[in-house]
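**Student:** 3D model of this:
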Amino acid sequence: MIGVIGAGTMGADIAALFANTGFKVVLVDRSKESLKKAREKHEEECLNELEEAGLKKRDELVSSIHYTTELKSVRDCDFIVEAITEKLQPKIELFREIERFNDKAVFATNTSSFMPSEIAEKLSNPGRLTLFHFSNPPILMPLVEVGGSRVSEEALEKGVSMAKTIGKEPVVLKKECRGHVLNRMLGAAGVAVGYCLLYHRPEEVDSALKNLGLKYGFFELLDMIGLDVAKDVLESFRDYYGDRFKGIRSMDFFLEKMVEWGKLGKKSGEGFYKWEGSKAKIPTASPADVRPLVAAIVNEALRIVEDGIADEKTVNRVYMLATNAPYGIMDAAEMLGYPNILKALNEAFEVTKLEIFRPCELLRSKL
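**Tutor:** Take a look at the predicted model:
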């Protein structure tokens, strides 16, 4: 039996993936309204996405899912996935509480930014907890990042096995870091895109990215993730990495105000775009020049390699799986050419002085 804690955007989809595969699932959330919305999503939207992803095995999901506000309902589960708010202390406290009444389950965290070892810090057996991080939207994107510096071999293998069982491709990271591989690249994009907005509208940026083979534009994806979650992730990165993820102040102010106004994206019906059900209403637009954005992602990808988190082949694969693009970020670097990437970085750095545009040593070595 599978436990999923958190019935929001990610948790609802993760529960659907397990129910679709034949598991009995306990979906827990403090909010009855969130559970109600998750159930409604399971009745139609998730089934449609499972079919689109080529994963659909069942004609209905809700009979396999127990929707509850009682955390102790996961006492008999042997694999428990956390998908709650992106704040460190609540995650730590959640697993400590579960540990008091469940001593057998492997713990898995879908954290967007924190390291598994940080979340497992107060557990009596921190080896029980593995990273189990999906790309958004979880049903449609094949990626699950797995790993952790303190995870046991048994828990790691369980995470890998579970990802494969629900039709995903697990990628085991060599080391842990905040943001893992995927969200460090997305975090770099989140900072760099503020520079693009000095000259272009969101729909122009997204038009260019879709022309490059991505299923979703960057702002469309932010709306899907939730602007409140994106804000929390950037704050986590800045707390840990310092100025490297410091952004343009006007973009930070705009993001803060959108969250304050409740314009959180798809889940609230409006973010950068207005949403009708599961579709964003994106104005037709001419494509922007997104070379600075791509250059920043390449630069951060190479920093990830420098840090020993993953090799270039793995980073490339993570990008492909996370975006369903026909190529990876290192492939894009080869197509664009490293001299052009360096030129785009230097030009953006000259204007903004943002650290995200400062070229890393590995990139310079490729010239």
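
**Student:** mind listing the strands for the stretch 151-300 of the chain?
**Tutor:** 169-172, 274-276, 279-281 (DSSP state E, counting those that start in this stretch).

**Student:** for Asp228, what are its contacts?
**Tutor:** 259, 264 (Cβ atoms under 8 Å, 6 or more residues apart in numbering). From N, CA and C alone the C-beta is placed, and that goes for glycine too.

**Student:** pLDDT at it, what is it?
**Tutor:** Looking at Asp228, its pLDDT is 93.

**Student:** before we move on, back to that, give me whichever of the strands of the stretch 151-300 of the chain is most buried.
**Tutor:** Sort the strands of the stretch 151-300 of the chain by mean neighbour count, taking mean count of other Cβ atoms under 10 Å, and strand 169-172 sits at the top with a mean of 19.

**Student:** Could you list every helix and strand in contact with the helix or strand of the chain with the lowest mean pLDDT?
**Tutor:** Ranked by mean pLDDT, DSSP states H and E, the helix or strand of the chain with the weakest confidence is helix 249-260, at a mean of 91. Packing partners of helix 249-260 (3 or more Cβ pairs under 8 Å, 6 or more residues apart in numbering; DSSP states H and E): helix 182-196, helix 227-241.

**Student:** Deepest-packed of the ones you listed, please.
**Tutor:** Neighbour counts (mean count of other Cβ under 10 Å) averaged over each of the helices and strands packed on helix 249-260 peak at helix 182-196, with a mean of 25.

**Student:** quick one on the thing from earlier: residues contacting the least confident helix or strand of the chain, please?
**Tutor:** 193-194, 197, 227-228, 230-231, 234, 264, 271.

**Student:** tell me the angle of that helix relative to helix 227-241?
**Tutor:** Put simply, helix 249-260 runs at 130 degrees to helix 227-241, going by axes from the mean of the first three to the mean of the last three Cα atoms, to 10 degrees.

**Student:** Can you give the distance of helix 249-260 from its chain's centre?
**Tutor:** 20 Å (Cα atoms, centre = their mean, to the nearest Å).

**Student:** buried residues in that helix?
**Tutor:** 251-252, 255, 258-259 (16 or more other Cβ atoms under 10 Å).

**Student:** ok, now stretch 102-121?
**Tutor:** So, applying 16+ other Cβ under 10 Å, buried residues of stretch 102-121: 102, 105-116, 118-120.

**Student:** Quick check: end-to-end length of it?
**Tutor:** Using Cα to Cα, to the nearest Å, one end of stretch 102-121 lies 17 Å from the other.

**Student:** domain parsing for the chain?
**Tutor:** With domains defined by automatic domain parsing, the chain comprises 2-172, 181-367.

**Student:** What number of residues are in the vicinity of Gly337?
**Tutor:** If you count neighbours by other Cβ atoms under 10 Å, Gly337 ends up with 12.

**Student:** For the residue nearest to the spatial centre of the chain, give me the pLDDT.
**Tutor:** Nearest to the mean C-alpha position of the chain, counting by Cα atoms, centre = their mean, stands Ser135 at 4.5 Å. The confidence metric pLDDT takes the value 96 at Ser135.
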